[in-house]
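Peer 1: how does the following fold in three dimensions:
(one chain, ligands or ions: 1)
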Amino acid sequence: MNEKLQSIKEEAIRQIKESDAPEKLNDVRVKYLGKKGELTAVLKSMKDVAKEDRPKVGQMVNEVRAEIETALEETKKQMEEKILEEKLKEEVIDVTLPAKKNLVGHRHPNTIALEEVERIFIGMGYEVVEGPEVEYDLYNFEKLNIPEGHPAKDEQDTFYITKDIVLRTQTSPVQARVMEQGKLPIRMIAPGRVFRSDEVDATHSPSFHQIEGLVIDKNITFADLKGTLEEFAKELFGPETKTKFRPHHFPFTEPSAEVDVSCFKCGGKGCRFCKGSGWIEILGCGMVHPHVLEMCGIDPNEYTGFAFGVGLERIALLKYEIDDMRLLYENDIRFLKQF
Ligand code: DAH
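Peer 2: Predicted structure coming up:
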């Protein structure tokens, strides 16, 4: 009997040691200590044991039972500790790991260029104003000396909301809106989005940006216009920059000019950047047409003024030497991050 009990014990302990999960331990418990378990079977067979031996055998069975139970308990405890340890290891937060960075974007070259232009003009005492992108034909054309049937209307074909309402083709209508308010003198710039029915290519887009400038006061002359824009060009492109005023025509200014700056890449010698000419065109300008002043309620005998219009993309492309305007509209962060 003793041998049988010993072999049951050894077998049970071996199986306990081999168990790799709490469920398996439970199987072992049932197999040996359960109602139909092997040790229980020994107890049940007590009736076959001689009466005088029964207490001894009973004691032996109890001892084996206790040993198996202890082994089960201890192994279970060890298993649970191991499981907990692994779980803690898995779920641990490593505070030394670098934090996930929040990807913030990058300022667009247009924005950087605009802020630079605003800085320059604010420094000269200008105000920054805004006008609507959806504009009356009246302001976009009519009050700028571009009446029905004027050829400039063809050049600046745009998107019509109704016959009288358009997506503005230029920021110049803001001039008319500000003049109409009647607060004089005026020193303002008006940046904003404009629209034209142009095909997309390296230098054109149906939607782009301009910055309008307007100064109205007593005794404003072309000399003021020249001095202001010369100063602007020097601030924007560097102190060596020269400016050239070429006669031009705009319906709302008289006289009008286009302004070229000496190529800041080659200094005027001629290079790929300025297409060999040494000059780069940057804006249109002129003295506000007396008829425009009149239409906006200002007496041209008392007040004069000048205006100018700059393409914002053109400045960004030049300043940052970007050779394709389309890059400005793709908003690829790899591109934007370079400026
Ligand atoms: N609005 C003109 C254009 O889009 C640019 C311009 C030229 C604006 C002369 C002006 C100006 O204010 O005086 O082509």
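
Peer 1: show me where the chain has its strands.
Peer 2: Counting by DSSP state E, the chain has strands at residues 127-128, 134-136, 165-167, 186-195, 207-217, 243-250, 253-262, 279-288, 304-311.

Peer 1: give the contact list for the residue of the stretch 51-200 of the chain found nearest the ligand.
Peer 2: Relative to the ligand, the nearest point of the stretch 51-200 of the chain is residue 170 (3.6 Å; C-beta to the nearest ligand atom). For glycine as for every other residue, the C-beta is placed from the backbone atoms N, C-alpha and C. Contacts for residue 170 (C-beta atoms under 8 Å, 6 or more residues apart in numbering) come out as 140, 156, 194, 210, 212, 309.

Peer 1: the bottom helix or strand of the protein by mean pLDDT?
Peer 2: Ranked by mean pLDDT, DSSP states H and E, the weakest helix or strand in the chain is helix 38-44, scoring a mean of 81.

Peer 1: would you reformat the strands of the chain as CSV and include mean pLDDT?
Peer 2: What follows is these, written out as CSV (pLDDT from 0 to 100):
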stretch, mean pLDDT
strand 127-128, 98
strand 134-136, 98
strand 165-167, 98
strand 186-195, 98
strand 207-217, 98
strand 243-250, 97
strand 253-262, 97
strand 279-288, 97
strand 304-311, 98
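
Peer 1: tell me the most buried of these?
Peer 2: Mean neighbour count (mean count of other C-beta atoms under 10 Å) peaks for strand 304-311 among the strands of the chain, with a mean of 23.

Peer 1: of the contacts of residue 170, closest to residue 63?
Peer 2: Nearest to residue 63 among the contacts of residue 170, counting by C-beta to C-beta, is residue 194 at 98.7 Å.

Peer 1: now do the phi/psi pair for residue 159.
Peer 2: Note on residue 159: backbone dihedrals following degrees, to the nearest 10 are phi -100, psi 120.

Peer 1: quick check: closest non-adjacent residue to it.
Peer 2: Spatial nearest neighbour of residue 159, excluding adjacent residues (C-beta to C-beta, 6 or more residues apart in numbering): residue 167 at 4.4 Å.

Peer 1: what pairs with the one you found across the strands?
Peer 2: Beta bridges link residue 167 to residue 134, judged by DSSP bridges.

Peer 1: now do the buried residues in stretch 266-277.
Peer 2: The neighbour-count check on stretch 266-277 (16 or more other C-beta atoms under 10 Å) flags 268, 274 as buried.

Peer 1: end to end, how far does that stretch reach?
Peer 2: Using C-alpha to C-alpha, to the nearest Å, one end of stretch 266-277 lies 10 Å from the other.

Peer 1: residue 316: neighbour count?
Peer 2: Residues contacting residue 316 under the criterion other C-beta atoms under 10 Å number 23.

Peer 1: in the record's domain split, what are the boundaries for the protein?
Peer 2: The chain resolves into domains spanning 2-90, 109-336 when parsed by automatic domain parsing.

Peer 1: just the endpoints, please. Distance across the last one?
Peer 2: What that stands for is domain 109-336. When the termini of domain 109-336 are compared using C-alpha to C-alpha, they are 7 Å apart.

Peer 1: ok, now the first one?
Peer 2: Taking C-alpha to C-alpha, domain 2-90 runs 47 Å from one end to the other.

Peer 1: in stretch 324-338, what counts as buried?
Peer 2: Result for stretch 324-338 [16+ other C-beta under 10 Å]: buried residues 325, 327-328, 336.

Peer 1: rewinding a little: what packs against the least confident helix or strand of the chain?
Peer 2: Helix 38-44 sits against helix 2-18, helix 22-33, helix 54-91, with contacts defined as 3 or more C-beta pairs under 8 Å, 6 or more residues apart in numbering; DSSP states H and E.

Peer 1: good, we can wrap up now.
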